[in-house]
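Colleague: 3D, please:
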Amino acid sequence: MVNLPMNSPIEHMALPEGASIYSRKVARSGHISYEGRPYFISKALAGRYIRLIVLGDRLIVDASIPLHKEYPLL
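Modeller: From the prediction side, this is the model:
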């Protein structure tokens, strides 16, 4: 079962056998929901999509945000 945004770099992740991957949008309160239960992630990530990895009885949150900025040097 996979539920990922189109631009997700899943091909770069090595996941254990049996892991399921989902994406969730972080609410303004900093929470996400998984299987009807709320989990507080961070208000700093409000509005962003994060990756959830479900492995056995664990819910792993991957909130890595790639950032590339470029500034002209004057």
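Colleague: Tell me what Arg58 is bridged to.
Modeller: Taking DSSP bridges as the rule, Arg58 bridges to Leu55.
Colleague: From Tyr34, how far out is it?
Modeller: Distance of Arg58 to Tyr34, given as CB to CB, to the nearest Å: 12 Å. C-beta here means a position set from N, CA and C on the backbone, and glycine is covered the same way.
Colleague: now do Arg48
Modeller: Distance from Arg48 to Tyr34, by CB to CB: 16 Å.
Colleague: which parts of stretch 39-48 are buried?
Modeller: Neighbour counts over stretch 39-48 (16 or more other CB atoms under 10 Å) mark 41, 45 as buried.
Colleague: Kindly state the beta-bridge partners for Ile50.
Modeller: On the basis of DSSP bridges, Ile50 is bridged to Arg24.
Colleague: Pull the number of nearby residues for it.
Modeller: 18 (other CB atoms under 10 Å).
Colleague: Pretty sure it sits against Val26.
Modeller: Yes: the criterion here is CB atoms under 8 Å, and Ile50 meets it with Val26 at 6.0 Å.
Colleague: any residues in contact with both of the two?
Modeller: 32, 41 (CB atoms under 8 Å, 6 or more residues apart in numbering).
Colleague: can you pull the contacts of Phe40?
Modeller: Residues in contact with Phe40 (CB under 8 Å, 6+ apart) are 29-31.
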